[in-house]
Every structure is written in structure tokens, then in C-alpha cells.
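1. just coords:
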């Protein structure tokens, strides 16, 4: 609660501490920002768009299926709006509210729905930084009433089905199939290319002031109309936007209600799609003005501008030849004046490439923003042409430690620590490992942090005893581990995804830039492309063999399939292609079919001749591209999870311990059972093995013997009394007589798959836990 409370606020050099004054200040600020419409200039948008798309299905009648789908898809465990209805309500009570909700959508379709007053939200404020205390240092999130939120979700689902046809490929935010890191990788390849070339270029990073809150509605409607959005669908969007009203919710106090007149509510399911439609106009403006600038960034980037967008995070590469910078500034100004999105020049910056100091000063005057150097923070990652420095990785490690420092791990169960390590650290690391291959020392340092937190290390203190080897902890639960990610294998899985994207039919910005900057004229398969790309591309090339043995190609024209190293139905022929250095390693199936005699000099072993003959028998179709499928995924498509599961399970066999996680018990008991299975509980015997000084004797029965797991759970008189009582209640589940504790546990787990066996395992493990 302390994090949610705003204890002080700095307004015009005056520090406010009274909760009512703070609420009043925020209400005044946001009612002024959202509650008034700033006049904008009109612009000829129709010249930016071609023929209107056929989108008539967007305003078709609402079906019960799509309404119920939206009900189910609304995120659970979220705060309810002012009406108090959580997202789960309609899903749980669908039979009760079904007809009422259907009637609401029927009224919406026929234009009879009135949302005034109902389309209300509380605005909560999330701090952008830990020390946020100004009006602009908080992000407003709208918690909307259930019905308008459900309507927005249904409309968002319809718009999502066509958004990839509306938005330029340079925008990767909120479009299904496009990844957030595509633009980061594309920008890095361009930067690597520019640092090696002599072309004078600038990279402009643009920041918009309160981007979502300043979108002009008339401009948005004009853009939607240019796309060919049907009138009915457009009227539904207008209804949701124009009837919105809000009140600030600060420190559990609600402010005065105000009506919205501009901006899009963050927290509305429809807002992200509407925002990227507005932001995409800038990309189309840059494309349009490119025709008036007769220069290019380089011989491989034939346009004077190249824009990359993730929502409002915008990068623009621009040549400085001729009037390019002036044209770019004019374009940005026109976009700002028309859309309502104001450039935040104090936070915008540019990075020069191959420019003199005089040129840099001239560009400063035109763009009116500061000059900076690489690395440039972009999407939370360091954007640079070279590998991250040691200092960058040390900052990452510090960030990970700080995330865990706020938790008193001594007060958490091991299951709680396990959950925190899996969620907090993985969230931070996934983004970094998606675009960088982590050095071994960094992985070891991160594992030290994770290991210490799980086993009970306090920040700055000493570790508790690690009870299980770390490689076992990192095994999947299906192999008897704790399910903690193996960072090295997860890193490889995330990197393999980018090789797959090069072969994927869906064109991505990363693929387009890679083809422009890395591929040579005669290199057809991406796996045969040049090694002259960025350091990241060189890291990907090291994964070629792993990628090749994981895929199988169905031959079309043969241009994307390597003859020697791809699995195209004749296994791999690399064994026959030289001993120390392969001959023509980039040879494709297409070239072999074109002229095998000249491209592959004789003599070759019979296996190679058989391979060529089998290729000719396949009857390749030269008008069809090769199709790649993954061997280790039933769908044939790549996912990071399937890649990781393949890597982590290689050479391993499932064991009885994996059944522990199938037993219907709390996670803390699962961990206890696993430690007992591996004989890793801290008994006197285990402590003695670790050279600890122990005083022998059972604390339960006072027998002067060395305490072992078997004695503690089976042979101790106290344990025997408990087992006798359990046996009297569950005679078919618990047998009498002494036995080894691991044998007892294995016997209980042997039938955990069935309902009866699961009940037996619950009885036995719960009894062991009670001891």
C-alpha cells in the first residue's frame, strides 16, 4: 500500500502533503489535459493512403460466440471499475446475465445504446520512477466500468483481425505476429552498417509528451475513414470515445468527475489499436516526403528515411544530404499539428554517424534537441553497434538484486521464493536474452543470485545450505526438477527464434533489414548469408548447425535450403563435404539442381550421387518456396517453449520424482517431497556429510543414534505411532512394517496418475510432511 500512496507532490515549486490538495492538483491537471480539445490543423490524409480496404465485416451483427469470447478473454484478477463488477463476474454467471448482455449489443448495433454516465472510469496513477512526485511523473490508468469495457473488447477483437493490413510493418506494437524486439534488432543492424560505412546519417529518437492523452479525436476519425472503416463500426468507436468520463482515484479518495474531449484511455482494450493507427500516420508521412528527397541513407538502404515504431517509441534514421533534415523536421511538425501528439524535445535526442562537429551543431539547430552517443536506451535495452560492456551487465545484475532486495526471503516459504525467482527475474531477463547472447560469467552471476534467494540468502548475508544441486533445480518438473529455467538453454531458444523468423512466411521488419544489409546477391538461403553483419548476426550463425538438425525442408524451388547442411529428405551430407573445410558450404539445393556437374566436382562418394538423384526424383516446383518444419514440434512451427523443452530434455529420461508435481498438494509440500526423494533434507546424517558438527540423537524419540531420513520418517517410535493411526484410517493406502523412506515415497508415487493413486500419494506425502 505504501507504493500506491502518494505522500507528497511538487506543483510549481510548492510541495503538497495534504491528501485533499494532492487529489485536487491531479484533478485540475488531468481535467485540463483530457477535458479539453486542443485545436489542430487539417491535413490531406487521403493522399497518404491507396485504395480503401474491404472491411465490411467489421460492422456485421454481433454473434453470441464473439460476445462470450470477449467475456472469457477479459483479463482476470484485475481491479474492478467504479461499478464493482470484476471481469470474472459475467464469465462465472454467464447463464444469468447472457440475455441482458446480448440485448446491450443488439442496442449498440441498431444505434439505440446510450452510454452517457455508464462509460465512467476511475483514473489511478502509476509512478514511472521510484521517486515520482510531480504531475507528469505518473502514468494514468483507467479502471473502466464493465459494460463499456466489454464493448471495447469486442470491438478490439474485430479490429485486431485486420490491424496487420492497416499498419505499416515498421510498427511492431500490439499487432499479432510482430515482436517487440524486431525493431531493436533492425535498428542494431542499421547502426552496425552505418558504423562501417562512410554515409553521413543521424538516428533520431522521438519522445511524445503524454502521447495517449493528447490524441485528437477528429484526426483519429479521419484516419479510420481513410482506411475504409465501415460507418457503423466507426460510429461505435465514436460512441465509446465521446461518452467517456472519469474521476481521479488518489490515496483512496475520488475526485470530481470530468468529461473527456481528447486522448485515449490507457486501460481500455481498444485504445492500443487506435493509438498505433494514429502513430502509423507518421510512417506514411515519412514515406510520402521521401519522394521529394533525392538521396538515400546508403546504397543498401535506398530511402532517405527509415522509421521504426513500437507504439509511441519511435526511431528515425535519416540521411543528412541535401534538405533531408529540414524535410524530416517539417514532417514531424506537421504530424504533431494534425494529430495532437506533441514532440517532447527535452527528452528527444539524436545520434550522429560520420558527421563533423559543424554538421552536428547545424542539425541541433534544426531539430532543436540534444545530441547523444551510443549506447542509446531503446525499449529498455542498450542499443549499440558493439557487444554490451561489462558495466552494462553489472547494471543488469544490480537491477536483478534490487528486485529481490525488497522481499524478506526468510519470511517466505521455498515455494514462494521459487515463484518470485521464476516470475521477477525471468521477466527482466527474457527481454535481454532475446537480443543478446549472455556471456558465461553473467549466467553464473545470475544463477548465484537465484540460487542464494531460493535457499535463503539475505542481501549482504551468507547463504543457507543449498539442499539440491543447481542442475537438478533447473530441470523441468517433468524430469523431477523445480522448473527453474536453465538460462543458457533459454538464451539459445530465444535466439533460435530469429533464425526461424528468416524462413517464416510472415515478413517482419527484422527480416527485411537483415535481407537488405546482410544478404549478398548470390546468397539465397539465410543460413548462407554473409558474416559481415552485426555481432548479433555472427552469434546467430553459430546456431546454424543446431537449427539445421532441428528442421526438415520440403523442397519447392530449393533456394532456401542448403544442400550440405539442411535436412531435405536425405539427412545431412556434411560428413562427405571435406574434412577440415567444406567445399561450397553455402551451396543450395536450387544450384545443385541447376547444374550438379559443374557445382559439385567429381568424384564424390556414392551417397552424394544418390542424394542428387533423390533430389531429381522429388520433382521440385520452381514457382513455390521451400517449406521448413520443426522436427521436435508436432505443429511444425517454432515456439520458444518447444525449443527450450527440446534442448533441456536432450539425453535425459523422466524419473519417478516427476510424479510429485502431479499430486494435488501445495507447492511447499511438492518441494519437501522432492528433497526427501533425493535424500536432501537437513537431517543429522546430511549435515555430517557436509562436515557440520552435530550432536547425535533423535529429537522425537530421544534414541541416541544418528538421525537419518529413514529413522525420522519410518523407524522412530513417534513416526510409527502416526503411521499406525493413518493405517487404521486408510488401510489400503499404507502398509505396515518398517521400510526405507525413499521406497515408501516411490511406492506412493507409482500410481499418482490415477485418481486412486493420487489419493494414496496425498495420504502418504501429507503424513511425511506432518512428521
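-> Looks like it came in fine. Every value quoted in this text rests on a predicted model; they were computed, and no experiment measured them.

2. For the spatially closest residue to residue 293 that is not a sequence neighbour, give me the pLDDT.
-> Excluding the flanking residues, the one nearest residue 293 by C-beta to C-beta, 6 or more residues apart in numbering is residue 304, at 4.1 Å. Just so you know, the C-beta spots here come from the backbone N, C-alpha and C atoms, and that holds for glycine as well. In this model, residue 304 is scored at 89, pLDDT.

3. what does residue 529 give?
-> 69.

4. do the same with residue 63
-> 94.

5. Can you list phi and psi of it for me?
-> phi -90, psi 160 (degrees, to the nearest 10).

6. Who are the contact partners of the residue nearest to residue 293?
-> Contacts here follow C-beta atoms under 8 Å, 6 or more residues apart in numbering; on that basis residue 304 touches 290, 293, 295-297, 318-319, 321, 324, 327.

7. quick one: it and residue 590, what's the gap?
-> As for residue 304, its distance to residue 590 is 35 Å (criterion: C-beta to C-beta, to the nearest Å).

8. same thing with residue 636?
-> Distance from residue 636 to residue 590, by C-beta to C-beta: 22 Å.

9. mean confidence score for the lengthiest helix in the chain?
-> Criterion DSSP state H: the longest helix present in the chain is helix 271-290. Helix 271-290 carries an average pLDDT of 93.

10. One more: stretch 120-128?
-> So the average pLDDT for stretch 120-128 ends up being 93.

11. Now tell me what touches it from outside.
-> Everything outside stretch 120-128 that qualifies as a contact, by C-beta under 8 Å, 6+ apart, is 3, 6, 26, 30, 79, 81-82, 137-145, 244-250, 254, 257, 265, 267.

12. Can you flag the buried ones in those residues?
-> 6, 26, 30, 81-82, 138, 140-145, 244-250, 265, 267 (16 or more other C-beta atoms under 10 Å).

13. Among these, name the ones in strands.
-> Counted as lying in strands by DSSP state E, out of the buried ones among the contacts of stretch 120-128, are 138, 140-144, 245-250.

14. So what are the structural domains in this structure, by residue number?
-> Domain assignment for the chain, taken from automatic domain parsing, gives 9-34+56-161+217-261, 168-213+267-386, 390-485, 491-648, 656-770.

15. what's the most buried one of those domains?
-> Among the domains of the chain, domain 168-213+267-386 has the highest mean neighbour count (mean count of other C-beta atoms under 10 Å), at a mean of 19.

16. gap between the two ends of it?
-> 29 Å (C-alpha to C-alpha, to the nearest Å).

17. Can we start the residue count at 4 from this point?
-> Done: numbering now begins at 4, and the last item shifts to domain 171-216+270-389.

18. what separates it from the chain centre, distance-wise?
-> 23 Å (C-alpha atoms, centre = their mean, to the nearest Å).

19. Specify the local secondary structure of residue 353.
-> strand (DSSP: H, G, I helix; E, B strand; the rest coil).

20. Who are the contact partners of it?
-> 205-208, 366, 370, 372-375.

21. Which members of the residues you listed are positioned in helices?
-> Per DSSP H, the contacts of residue 353 map to helices at 366, 370.

22. And the contacts of residue 353, which is closest to residue 39?
-> Using C-beta to C-beta, residue 372 comes nearest to residue 39 of those, at 27.3 Å.
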